[in-house]
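> Task: produce atomic coordinates for the following.
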Amino acid sequence: MVLGRASALVSLLLVASCSPAAGSKTQDTAGRSVVVSFTGNLDARAKVPEEPFSVEYPEKTSQLGAVVEVRGEGGRYPLSFYFRKEDTSAFAFYVLADLEDGAPEIEPDPVETLVGQGTLHFDTDGLLLSVVPSEPIEVHFRGAPRSQLISLNFGSAKDQGGDGRSGFTQYALSTTITYQASH
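All right, here's what the predicted structure looks like:
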């Protein structure tokens, strides 16, 4: 099942399952955690868009989109990720989800809400310097019995003692994304 809100540039589907993770900082009230990990390259040659990012039109105001399906308590829930070049050495990321609002789902395609955002910073060699912020995001998906904490892993950032090579890089190559899920 490929969900329709991803950008035409890149679409992918990742099924990440929840598993008990006692003591994990991404533990929710049910004792389950989700870590979504990405690997890929963000094209250093991409142009900075003129228009600001728009939740209403994310595929028109970003360069790259991906839909990740998280398998959690009570079902499967989509998270939409959008990436856009902000300057020579940075890409912003935006995470959107269908949130529980207490109302029955009336619309066939509910509007997504921004649930997380940050910036991936790269050095002049294209290696990942930092991810800001690096904390997990809390999401109460539409139809889920409770909120979940989701950790986003974009790679081994140099400011955290990593080599900057695993996860996302920023080289003058076509944009590609592969992924892995760790639980």
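> contacts and neighbour counts: CA atoms only from here.
Fine.
> And the residue nearest the centre of the chain, how far from Tyr94?
Compute the mean C-alpha point of the chain, and by Cα atoms, centre = their mean the closest residue is Phe81, 4.2 Å away. Going from Phe81 to Tyr94 by Cα to Cα, to the nearest Å gives 6 Å.
> repeat for Thr119
To Tyr94, Thr119 is 9 Å away according to Cα to Cα.
> now do Ser62
Separation of Ser62 from Tyr94 (Cα to Cα): 9 Å.
> One more: Thr88?
18 Å.
> Comparing those two, which shows the higher neighbour count?
Tyr94 (21 against 16; other Cα atoms under 10 Å).
> check contacts around the more buried one.
Ser80, Phe81, Tyr82, Phe83, Leu114, Val115, Gly116, Gln117, Gly118 (Cα atoms under 8 Å, 6 or more residues apart in numbering).
> Low-confidence regions, the chain specifically.
The chain contains residues with pLDDT under 70 at 1-32, 100-110, 175-183.
> top strand in it by residue count?
Of all segments of type strand in the chain, defined using DSSP state E, the longest is strand 75-87.
> Endpoints of stretch 52-65, how far apart?
Per Cα to Cα, the first residue of stretch 52-65 is 15 Å away from its last.
> Hmm, Lys85 and Lys47 touching each other?
Yes - if you go by Cα atoms under 8 Å, Lys47 and Lys85 touch, sitting 6.8 Å apart.
> which helices and strands does the helix or strand encompassing Ser130 pack with?
Under the criterion of DSSP states H and E, Ser130 resides in strand 128-132. On a contact count with 3 or more Cα pairs under 8 Å, 6 or more residues apart in numbering; DSSP states H and E, strand 128-132 meets strand 113-122.
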